[in-house]
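Visitor: what's the 3D shape of this:
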Amino acid sequence: MSNNANSYGAGIMAKTGKAFADEYFSEENQVVHESNEVVLVLKKSDEMNIIVDEILLGDRKADNPTLVVEDRAGYWWLKATGKIEVDCAEAAEVLGKDFNVYDFLVDVSSTIGRAFTLGETFTITSELIGLDRKLEDLKA
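Guide: Residues are numbered from 1 along each chain as shown. Below is the predicted model of the structure:
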């Protein structure tokens, strides 16, 4: 059995019967917690390393001061409040070669939030697209 806190036999998953039901149905576990945090996990590559270092942590850092980037071996783990946005036209200029949003999506490993592309921009946001704001309003 694994001692990893994220394993199937950890926490509530280690419980059975009444002990499981009592914790699962406890009042504190019946509340939906709202979060404005978003996460973007990017597979490391030459392009992603440059985009993270020179754009997200460089030229665009002031656009998103809540952005936290962690180096997790073969991946970049990015977390921010509200949204993370990558302009792939800007990335193409920095990279000095053709690079579009589809090239970027190849290295997107995982997301937490609502991800979408609009033109050459990739966005992961906590907004309810279509409810909070219309998609075409996002570029305004």
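Visitor: The residue nearest to L128 when sequence neighbours are not counted: neighbour count?
Guide: Spatial nearest neighbour of L128, excluding adjacent residues (CB to CB, 6 or more residues apart in numbering): R114 at 7.3 Å. In this view, the C-beta of every residue, glycine as well, is placed from N, C-alpha and C. Residues lying near R114 (other CB atoms under 10 Å) number 16.
Visitor: how about R114, what does it touch?
Guide: By CB atoms under 8 Å, 6 or more residues apart in numbering, R114 lies in contact with I124, T125, S126, E127, L128, I129.
Visitor: Can you tell me how far it is from V101?
Guide: Separation of R114 from V101 (CB to CB, to the nearest Å): 16 Å.
Visitor: how about low-confidence regions in the chain?
Guide: 1-10, 129-140 (pLDDT under 70).
Visitor: Can you show me the strands along it?
Guide: Remark: strands assigned in the chain by DSSP state E are 37-43, 68-72, 75-81, 83-87, 108-112, 114-118, 121-125.
Visitor: Mind giving me the packing neighbours of the second one?
Guide: Contact analysis of strand 68-72 by 3 or more CB pairs under 8 Å, 6 or more residues apart in numbering; DSSP states H and E lists strand 75-81 as its packing neighbours.
Visitor: again, only this time at 10 Å
Guide: Judged by 3 or more CB pairs under 10 Å, 6 or more residues apart in numbering; DSSP states H and E, strand 68-72 is in contact with strand 37-43, strand 75-81.
Visitor: Which residue of this protein lies farthest from its centroid?
Guide: Distance from the C-alpha centroid of the chain, by CA atoms, centre = their mean, peaks at K18 (36.1 Å).
Visitor: which of the contacts of R114 sit farthest apart?
Guide: Using CB to CB, the pair of the contacts of R114 lying farthest apart is I124 and L128, separated by 13.5 Å.
Visitor: out of those two, which sits in the more crowded spot?
Guide: Using other CB under 10 Å as the criterion, I124 and L128 rank with I124 on top: 21 against 9.
Visitor: Generate JSON lines for the contacts of R114, with distance to W76 as supplementary columns.
Guide: Formatted as JSON lines, those follow (distance: CB to CB, whole Å):
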{"residue": "I124", "distance to W76": "13"}
{"residue": "T125", "distance to W76": "19"}
{"residue": "S126", "distance to W76": "20"}
{"residue": "E127", "distance to W76": "23"}
{"residue": "L128", "distance to W76": "26"}
{"residue": "I129", "distance to W76": "24"}
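Visitor: Great, nothing more from me.
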